[in-house]
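In: What follows is a predicted structure for the sequence shown.
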Amino acid sequence: MPHPAPPRQRLGAMALADLPGLTTRHPAQFRAMPPGRLAGLIATAAALGLLVFALWRLEFSPARLLGGIGALGRFLVLMLPPDPGSWTRAGLILHGLAETVAIAFLGTLMAAILALPLALLGARNTTVNRLVQFLARRFLDGVRGIDALIWALIWISVVGLGPFAGVLAIMTSDVGTFGKMFSEAIEATDRRAAEGITAAGGSRLQRIRFGVLPEVLPVLAGQALYLFESNTRSSTIIGIVGAGGIGLYLSEMIRTLEWQSVSFIILLILMTVALIDFLSSKLRAAIASGG
Amino acid sequence: MLVLDDLTRRFGERAAVDRVSLNIKPGSFVGVIGRSGAGKSTLLRMINRLAEPSGGTIRWNDEDVTALRGRPLREWRARCAMIFQQFNLTGRLDVLTNVLAGRLSRVPAHRSLLKLWSVEERAVALAALERLDIANLAAQRADRLSGGQQQRVAIARALVQEPEIILADEPIASLDPRNTRLVMDALARINVDYGITILCNLHSLDVARHYCHRLVGLAAGRVVFDGRPEMLDEAAVRALYGLEAEAPAVPPEAMDAARNASMRTAAFQY
């Protein structure tokens, strides 16, 4: 008959009956504390110790934090209701906000354009040779190591105060970030498409153009959109040092203690960032499904 | 006894599985055959409840599997082990831990999350690995193994579930002929030694004829053949593989699934 009788053996019962045999045949699997496990425990304990030490060394004080929360509450009351003060000032603030968004947009776009060739040179599968890859990578690391705020200070002393310095600051700091993100995305692409182009007799550039870029461009576009969002926030900050945009008004209002204007500006920034966030997530979803 | 009654799964307009009714006797080794997109995978995945039926019922020994929720559903899944074409192991975990995953439904959460396996649990996992001749690989990371070895790890994981039925979804589609034999022989041995019912999707008619007691042919989601392997004659094969040409177009998600599967197969062969 094709159908055998009901269960004859049970794995669990057989394993338990053979427990001594199994433990002698595979002693390593029954060790209470495998070496890898011990190393993991030590690393966790060390990280916790470092955290406690850092909190102590940096004088982390819950008492001071609690005391300060009262002050925070007072400011919050002073901020209500949000009010720009006058129509002229509202106009200036809106103009500053538009400038901030423009700085973020231009800076991100230029950074993405500059970063693409650098990323191709820095990615293992598209680079010219190992030396070029190494140099491209280190250059990107170096640029990325300096924050946008510091770049803003540098560019202000080169091209003067104003949004142009802001665009340059966002661009330089982002070239590093994009270069790294892009080259990692390029390295993560499917090798088989590029192999197909090579096998058909394609050159290095043709391989990149037909085997790599079509696969990776949607990913890069998504990353650029994401960074545009985060740059809208950073370009608020660089305005404070004089590189254009709404940051300048914000720091002025804080300095002159006009809290209702401060809250008006913060509210506007929040709304703008939320709007860009919404638009870019829609766009990224569209790219991901269409690409 | 596994009883499927009018089991249906729709993707939009098209039914991937269309009013399938089957009785699977305990201890039998049943092959499900048919072309890609015929609904074989969806059928198996519904039995494990990885896919929700759009209609119909699944019963196991008078228990309504389709109605299970929460804890009873997880217990059903433990009793109805699943083996996948792409093995579905956690590549960065070692083989022993992958196999012990088959025991998870019996281990309390705090102990399993800390990977504190008891001696008995390790013994069962190693016994299963010994059964499949790969106990020497217990400490290796799963993604370091060949496809055939990975599939045997997956079978060991199914085995430590001590299931009543094993659902194997194209278990050999990514394997070379030698590993195909190793894996199918292992399933056949499990079927005989432990009396575990096996329901196995297969592409290859030769393999299906050689290992199965009974074959169920699906085309466009419907059962078009059901009988002993020797009953599968020329006409039956033509009905099975010809019907689909006239059937409604394969939906995009099935095409995608098939394409992904074949791409992964290609990747494996490199």
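Out: Right, received. Where do you want to start? Residues are numbered from 1 along each chain as shown, chains lettered A, B, ... in the order given.
In: close to chain B, is stretch A:188-195?
Out: Yes - counting by Cβ under 8 Å from any Cβ of the partner chain, chain B is contacted by stretch A:188-195 at A:Arg192. To be clear about C-beta, it is placed using only N, CA and C from the backbone, and glycine gets the same treatment.
In: Wait, A:Ile170 touches A:Phe105, no?
Out: No - counting by Cβ atoms under 8 Å, A:Ile170 does not reach A:Phe105; the two are 9.2 Å apart.
In: Within range of chain A, give me the residues from the stretch 1-150 of chain B.
Out: Contacts of the stretch 1-150 of chain B with chain A, taken as Cβ under 8 Å from any Cβ, map to B:25-29, B:96, B:115, B:119-120, B:122-124, B:126-128, B:130-131, B:135, B:138-139.
In: Buried subset of these, written for PyMOL?
Out: Command for PyMOL that selects the buried part of these, burial taken from 16 or more other Cβ atoms under 10 Å in any protein chain shown:
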select buried, chain B and resi 26+27+28+29+96+122+123+124+126+127+128+130+131+135+138
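In: element containing B:Arg59, please.
Out: Assigned by DSSP states H and E, B:Arg59 falls within strand B:55-60.
In: For that strand, which strands pair with it and how are they oriented?
Out: Strands adjacent to strand B:55-60 in the sheet, as given by DSSP bridges, are strand B:2-11 (antiparallel), strand B:63-64 (antiparallel).
In: phi, psi of residue 189?
Out: Went with chain A since none was named. Note on A:Thr189: backbone dihedrals following degrees, to the nearest 10 are phi -70, psi 160.
In: so who does it touch?
Out: Neighbour list for A:Thr189: A:Asn125, A:Val212, A:Glu215, A:Val216 [criterion: Cβ atoms under 8 Å, 6 or more residues apart in numbering or on different chains].
In: wait, what's in contact with the first one?
Out: In other words, A:Asn125. Here A:Asn125 is in contact with A:Ile186, A:Glu187, A:Thr189, A:Arg191, A:Ala194, A:Val212 (Cβ under 8 Å, 6+ apart).
In: out of the residues you listed, which is most surrounded?
Out: Highest neighbour count within the contacts of A:Asn125: A:Ile186, with 24 neighbours (other Cβ atoms under 10 Å in any protein chain shown).
In: can you tell me how far the closest residue to it other than its chain neighbours sits from A:Pro117?
Out: Sequence neighbours aside, A:Ala123 is the residue nearest to A:Ile186 in space, at 3.9 Å (criterion: Cβ to Cβ, 6 or more residues apart in numbering or on different chains). As for A:Ala123, its distance to A:Pro117 is 11 Å (criterion: Cβ to Cβ, to the nearest Å).
In: And these two? Which one has more around it.
Out: A:Ala123 (24 against 12).
In: does the more buried one really touch A:Ala194, like I thought?
Out: No - judged on Cβ under 8 Å, A:Ala123 makes no contact with A:Ala194 at a distance of 11.2 Å.
In: and the strands paired with strand B:55-60, which is most packed in?
Out: strand B:2-11 (a mean of 18; mean count of other Cβ atoms under 10 Å in any protein chain shown).
In: what does that one contact?
Out: B:15-24, B:39, B:42-43, B:46-47, B:51-60, B:165, B:197, B:199, B:221, B:251, B:253-254.
In: starting at the chain centroid, how far to it?
Out: With Cα atoms, centre = their mean, to the nearest Å as the basis, strand B:2-11 stands 16 Å off its chain's centre.
In: Return the set of buried residues in the very next helix or strand once past it.
Out: Where DSSP H and E defines the elements, the next helix or strand beyond strand B:2-11 is strand B:14-24. Buried residues in strand B:14-24, counted by 16+ other Cβ under 10 Å: B:Arg14, B:Ala15, B:Ala16, B:Val17, B:Asp18, B:Val20, B:Leu22, B:Ile24.
In: Now do strand B:14-24: distance to the chain's middle.
Out: For strand B:14-24, the distance to the chain centre is 16 Å (Cα atoms, centre = their mean).
In: That one vs strand B:55-60, what angle?
Out: Using axes from the mean of the first three to the mean of the last three Cα atoms, to 10 degrees, the inter-axis angle of strand B:14-24 relative to strand B:55-60 is 30 degrees.
In: Please name the strands paired to strand B:14-24 in the sheet, noting orientation.
Out: Each strand that pairs with strand B:14-24, with its direction, by DSSP bridges: strand B:2-11 (antiparallel).
In: mind saving the C-alpha coords of the strand it pairs with as PDB?
Out: What follows is strand B:2-11, C-alpha atoms only, in PDB (Å, rounded to 0.1, in the frame of the first residue of the first chain):
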ATOM      1  CA  LEU B   2      -5.900  17.200   5.600                       C
ATOM      2  CA  VAL B   3      -9.100  18.300   3.900                       C
ATOM      3  CA  LEU B   4      -9.300  21.200   1.500                       C
ATOM      4  CA  ASP B   5     -12.800  22.300   0.600                       C
ATOM      5  CA  ASP B   6     -13.400  24.800  -2.200                       C
ATOM      6  CA  LEU B   7     -10.100  26.500  -1.300                       C
ATOM      7  CA  THR B   8      -9.800  29.700  -3.300                       C
ATOM      8  CA  ARG B   9      -7.300  32.600  -3.500                       C
ATOM      9  CA  ARG B  10      -7.900  35.600  -5.700                       C
ATOM     10  CA  PHE B  11      -5.400  38.200  -6.800                       C
END
